[in-house]
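>>> Got a predicted structure here, sequence first:
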Amino acid sequence: MKPNYASLCRTINHTFKQETFLITALTHRSAGVPNNERLEFLGDALLGYIVAENLFQRFSEADEGELSRLRANLVNAETLAEIARSLDLGNYLHLGSGELKSGGNQRTSILADALEALIGAVYLDADIKACKTMVLKLFQVRLETVSPETLSKDPKTRLQEYLQANQKPLPIYQILTVEGMPPTQQFTIECIIEGLAEPIQGTGDSRRRAEQSAAEHALELLINV
């Protein structure tokens with residue numbers, strides 16, 4: 001049965017004129033050809049350019065090394081996979097049976113590659129303006145909270161500092177579920193924060209990564225309140 005991409009398109013705020021671009025972006029090489037490897041190549045370059053331009057404009061005093069480290073902090077497999085999970089991208093992926101059985105639709109590398117391919121697909125279906133709009137929306141909170149001063153700080157640290165600065169209790173992290181067997185386990189963590197109506201959930205292939213994901217989502221909510 002053909003997947004319904006309407007929800008995904010609403011989330012990224014782009015309706016494809018040529019849906020084949022979207023389908024290809026979501027097709028892993030294990031499912032055959034055409035697949036998303038070429039689109040991933042294109043999306044990787046576009047993402048790097050868009051993020052680099054944003055950082056260049058925002059941090060006029062930062063030198064080349066600082067800008068490079070800022071970009072690397074934002075454009076990496078872990079961050080891309082977190083964003084892909086927030087889009088529920090894993091449920092839209094076309095995988096070969098072997099990858100599907102081994103939990104490939106939640107694997108960090110596959111999700112990161114698929115997100116890059118999606119960026120490339122939007123560019124080809126529309127133009128650089130539409131591509132930039134999508135990327136800046138997906139990276140909005142991360143771009144707004146990263147700086148040369150916070151470069152080495154992970155989401156849990158930034159969340160803790162945000163709460164302390166606002167005189168709020170520190171967050172509480174609890175494991176909800178652990179699915180699968182090593183090395184393809186999937187952890188779901190909830191982050192409880194005073195002032196938020198409901199706990200914030202995060203997922204990852206380790207407890208630490210799931211906690212970082214939950215902290216990132218919590219920051220997004222707190223900053224946009």
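Everything's here; your move.

>>> Please report how far residue 126 lies from residue 210.
In this view, residue 126 and residue 210 are 34 Å apart by CB to CB, to the nearest Å. For glycine as for every other residue, the C-beta is placed from the backbone atoms N, C-alpha and C.

>>> Who has more neighbours out of the two?
Between residue 126 and residue 210, counting by other CB atoms under 10 Å, residue 210 is the more crowded of the two (25 against 18).

>>> Restrict the helix or strand encompassing residue 221 to CA atoms and write it as PDB.
Taking DSSP states H and E as the definition, one finds residue 221 inside helix 207-224. In PDB, the C-alpha atoms belonging to helix 207-224 read as follows (Å, rounded to 0.1, in the frame of the first residue of the first chain):
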ATOM      1  CA  ARG A 207      20.400   6.000  27.300                       C
ATOM      2  CA  ARG A 208      22.700   9.000  27.000                       C
ATOM      3  CA  ARG A 209      21.500   9.800  23.500                       C
ATOM      4  CA  ALA A 210      17.900   9.400  24.400                       C
ATOM      5  CA  GLU A 211      18.400  11.800  27.300                       C
ATOM      6  CA  GLN A 212      20.100  14.300  25.100                       C
ATOM      7  CA  SER A 213      17.200  14.100  22.600                       C
ATOM      8  CA  ALA A 214      14.700  14.700  25.400                       C
ATOM      9  CA  ALA A 215      16.700  17.700  26.600                       C
ATOM     10  CA  GLU A 216      16.800  19.100  23.100                       C
ATOM     11  CA  HIS A 217      13.000  18.800  22.800                       C
ATOM     12  CA  ALA A 218      12.500  20.300  26.200                       C
ATOM     13  CA  LEU A 219      14.700  23.300  25.300                       C
ATOM     14  CA  GLU A 220      12.600  23.800  22.100                       C
ATOM     15  CA  LEU A 221       9.400  24.000  24.100                       C
ATOM     16  CA  LEU A 222      10.800  26.200  26.900                       C
ATOM     17  CA  ILE A 223      12.300  28.700  24.500                       C
ATOM     18  CA  ASN A 224       9.100  28.900  22.500                       C
END
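
>>> I am finished for the moment; much appreciated.
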